[in-house]
Structures are given as structure tokens and as C-alpha cells.
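got a predicted structure here, sequence first:
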Amino acid sequence: MSTAAWQERIQRDLKGQDPAALTWRTPDGFAVQPFYHREALDELGGAPAPQTRSGAHWRNVPTYSVLATERGHAAIDRAAAALERGADGAHFVLENAEAFDVAYLHQRIPLASAYVGYTVRSGATNLVQRLADTGAAPQGFLISDPITRHAPDLKKQLRDQCEAVRLSQLWPEFRALGLNAAFYGNRGATVTQQLAFALSTAAAYLSELPSTDVLTVADVAAALH
């Protein structure tokens, strides 16, 4: 059936109502039609070409939460077992980063080759320093992101974040300035708002973290994840 035939059927089913009433506007202002037909693709010049990327563009990285009262041994053991079964890495969400047993982590997981991420609320510099003390050049990321989570001691947390980025500069496969854009989406932001807030947050870090004697704008940009 043609687009015109579909439209005629819709008008008949609506019994005199305006078919335009079926158009839905998303919160971002895009108009979504009640149906789409191949002719709509033809008007756009055909189907879009597939976007190809060199190498793997996603990783299987399970997340493990570690309570403030724990050193993380059980979570580390589960992550090591998952790596043996084919996982590409691990992501530890730490309520108390300073209690996390990095020495045990280094014993169970090859930090130089495994992709490991960490989400912390404080103690970013302490964690990165202990990772450096293992002698490995870790791969992965660190998310502290005090701007997004509106940390009450923001200036102190920004200094901590700045030092963590500085300490990790010699690790080319590690990003110490992770942004948690899901924070906005989980609180009701539209897709457009989520992207806009994430970019705005990144711009704030580029503005706040660089200094003449510690970090440059390029250093901060290279650490973003």
C-alpha cells in the first residue's frame, strides 16, 4: 500500500477527526508521525549508511558495589572469576574508596591488561596513588564527578579530582575524569537535556581544573571519559 492509501484509511477510521492530532511531539520538540512508510526513507535519500568503527567499540564490564564496611575482597573475587569466564573488565562502585584493598585487587586482577573502572564519592587521589604504588599502568576509568552530584565540599573535591588527574597522566589507557551522564537521565532529563548537561559539565571541568603549574586544558580534556 502507498502512503496515500494509508492516510485515506486513517481518515476513514478517525471518522472526521483531524489526522494531524495523531502526531506526537517529543519533549525535545520532534514530531513523530503515527506511521512511517518506505516513501519517507526515499524522500531522505534512502537508508543511512551504517556507521562503522575500527576495533571493538563496547566492553562487557560488570559492576560490583562495595559497601563502606567492606574491603572489597568478595567483589574482587567475583570480578576475577568473571574475567576468567570472558568479561572484559570490572567496574567497582565504592562507598569508601580508602578502605578498598588495592593490593588484593592487584593480586587477583592484572591491572596492566584488564579494563577496570572505579566510582567513588571521595578519596579519588588516595585511590589513584595506591594504584600507582602497585607499579602497574592501569587501564580503565575513575568517576568521582563532584560537579554532577553537587558535592557539598565542591572546592575540596575539585582539588582532589585535579590531583587524581595529575597522578594518572602517565597512564595512556586510563581516564581519571569520568562524567556520569546517567545521573541526569535517571532524574527525568530528556535525551537532549542529558547530552546538554553532560557537555556543560565537561566544559565546567575544562574551566575549573587547569592551572599553570599542574594541569593544562589539554591535560583535562585527555582525562575526560
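Looks like it came in fine.

now the strands for this protein?
Remark: strands assigned in the chain by DSSP state E are 24-25, 31-32, 63-66, 89-94, 115-120, 139-143, 174-175.

can you redo these as TSV with mean neighbour count?
C-beta coordinates here come from the backbone N, C-alpha and C atoms, glycine included. Output for these, formatted as TSV (neighbours: other Cβ atoms under 10 Å):
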stretch	mean neighbour count
strand 24-25	10
strand 31-32	10
strand 63-66	16
strand 89-94	21
strand 115-120	22
strand 139-143	23
strand 174-175	21
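
in TSV, list those strands along with distance to K15 and mean pLDDT.
Below are these laid out as TSV (distance: least, Cβ to Cβ, whole Å; pLDDT from 0 to 100):
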stretch	distance to K15	mean pLDDT
strand 24-25	20	92
strand 31-32	23	91
strand 63-66	52	97
strand 89-94	54	97
strand 115-120	55	97
strand 139-143	55	96
strand 174-175	58	96
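
could you pull out the buried residues of stretch 101-108?
Neighbour-count burial for stretch 101-108 flags D101, V102, L105, H106, R108 (criterion: 16 or more other Cβ atoms under 10 Å).

what's the closest of the strands of the chain to L83?
Of all the strands of the chain, it is strand 89-94 that lies closest to L83, at 7.1 Å by Cβ to Cβ.

how far out from the middle of the chain is the closest one?
13 Å (Cα atoms, centre = their mean, to the nearest Å).

and it, which strands flank it?
Next to strand 89-94 in the sheet, as set by DSSP bridges, lie strand 63-66 (parallel), strand 115-120 (parallel).

please dump the ones you listed into a markdown table; it should also carry distance to A81 for every row.
Output for these, formatted as a markdown table (distance: least, Cβ to Cβ, whole Å):
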| stretch | distance to A81 |
| --- | --- |
| strand 63-66 | 11 |
| strand 115-120 | 15 |
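
neighbours of the closest residue to D28 other than its chain neighbours, how many?
Leaving aside its sequence neighbours, D28 sits nearest to T192 (Cβ to Cβ, 6 or more residues apart in numbering; 4.3 Å). Using other Cβ atoms under 10 Å, T192 has 13 other residues around it.

and the residue nearest to Q129 when sequence neighbours are not counted, how many neighbours?
The shortest distance from Q129 to any non-neighbouring residue, by Cβ to Cβ, 6+ apart, is to L167 (6.1 Å). Using other Cβ under 10 Å, L167 has 17 neighbouring residues.

please save the CA atoms from stretch 15-22 in CSV.
Output of stretch 15-22 as CSV, limited to C-alpha atoms (Å, rounded to 0.1, in the frame of the first residue of the first chain):
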residue,chain,number,x,y,z
LYS,A,15,-14.5,9.5,11.4
GLY,A,16,-13.8,13.1,10.6
GLN,A,17,-11.2,13.9,13.2
ASP,A,18,-8.0,15.7,12.1
PRO,A,19,-5.3,13.1,11.3
ALA,A,20,-2.7,15.7,12.5
ALA,A,21,-4.0,15.0,16.0
LEU,A,22,-2.1,11.7,15.9
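
give me the mean pLDDT for it.
Averaged across stretch 15-22, the pLDDT comes to 87.

next one: that stretch to chain centre, how far?
42 Å.

distance from the chain centre to the longest helix belonging to the chain, please.
In the chain, taking DSSP state H as the definition, the longest helix is helix 191-208. With Cα atoms, centre = their mean as the basis, helix 191-208 stands 12 Å off its chain's centre.
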